[in-house]
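**Q** Compute the structure for the input listed below.
(one chain, ligands or ions: 2)
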Amino acid sequence: MSARVNMRPANKNTLLKVVILGDGGVGKSCLMNRFVSNHFDEHSFHTIGVEFLNKDIEIDNENYTLQIWDTAGQERFKTLRTPFYRGSDICMLTYAIDDKSSFRNMNMWKNEFLYYADIKENTYFPFIVVGNKSDVLVEEREVSQLELETWCNENGIASCIETSAKSASNVQEAFKMAVQHWLRAEIRADR
Ligand code: GDP
Ligand code: MG
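**A** Ligands and ions are numbered 1, 2, ... in the order given. Alright, predicted model coming up:
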């Protein structure tokens, strides 16, 4: 008997916890809704009471379940609960391209995440930076693509992308890029 044995594990599914952080109003909930249900509602507010939503994606023939954590508006108080951050695999730092102060606050969000998620010093953690609302008029833009790339270079972050939850531009790509970044990360955070 000489049946060929396939050594690859069948239907392996990797669960990844993704937290979306950034100032209130930058479009975090809209990005999550666009990604999970391909829907945009101009007047929808944050998902009160919902801590996370799951979405399955396939990348290079591997299956992933992204467990996406969105704040229910607590970002207005600046500090979130520690359990929200703990065990994260990926952190999506988000600002709006028509809101310079949301861009400046990314530093604060990044530091808060590293502190409360208990990421050890000198450990590489896969952040992805997302500049949302790329659909706004040119004259409304307050942050250039060059500023985004410069900030990422200065902060050792390899992945960044501009998105629009409104027009759906680059939203799937942003989450895919986040997973690919996680895959490339050599050292992963302790859980
Ligand atoms: P959050 O507080 O970060 O969760 O932000 P929301 O998702 O609640 O969005 C805040 C506001 O920005 C809402 O009025 C949305 O309609 C609007 N918004 C979200 N994403 C976009 C986008 O890609 N483009 C534009 N023009 N507006 C957006
Ligand atoms: Mg929200």
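**Q** What helices and strands are in contact with the longest helix seen in the chain?
**A** Criterion DSSP state H: the longest helix present in the chain is helix 171-184. Judged by 3 or more CB pairs under 8 Å, 6 or more residues apart in numbering; DSSP states H and E, helix 171-184 is in contact with strand 13-21, helix 28-37, strand 52-59, strand 62-69, strand 90-96, strand 127-132, strand 159-162. Every residue, glycine included, has its C-beta placed from N, CA and C.
**Q** in the worst-scoring helix or strand of the chain on mean pLDDT, what counts as buried?
**A** The weakest-scoring helix or strand in the chain, judged by mean pLDDT, DSSP states H and E, is helix 82-85 (a mean of 81). For helix 82-85, a neighbour-count test (16 or more other CB atoms under 10 Å) marks 84-85 as buried.
**Q** helices and strands around it, which ones?
**A** Secondary-structure packing of helix 82-85 (3+ CB pairs under 8 Å, 6+ apart): helix 106-116.
**Q** picking up where we left off before, any chance of the helices and strands packed on helix 171-184 in a markdown table, plus distance to ligand 1, mean pLDDT and mean neighbour count?
**A** Output for these, formatted as a markdown table (distance: least, CB to the nearest ligand atom, whole Å; pLDDT from 0 to 100; neighbours: other CB atoms under 10 Å):
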| stretch | distance to ligand 1 | mean pLDDT | mean neighbour count |
| --- | --- | --- | --- |
| strand 13-21 | 8 | 94 | 19 |
| helix 28-37 | 3 | 92 | 22 |
| strand 52-59 | 13 | 93 | 13 |
| strand 62-69 | 12 | 95 | 19 |
| strand 90-96 | 7 | 97 | 26 |
| strand 127-132 | 5 | 98 | 28 |
| strand 159-162 | 10 | 97 | 20 |
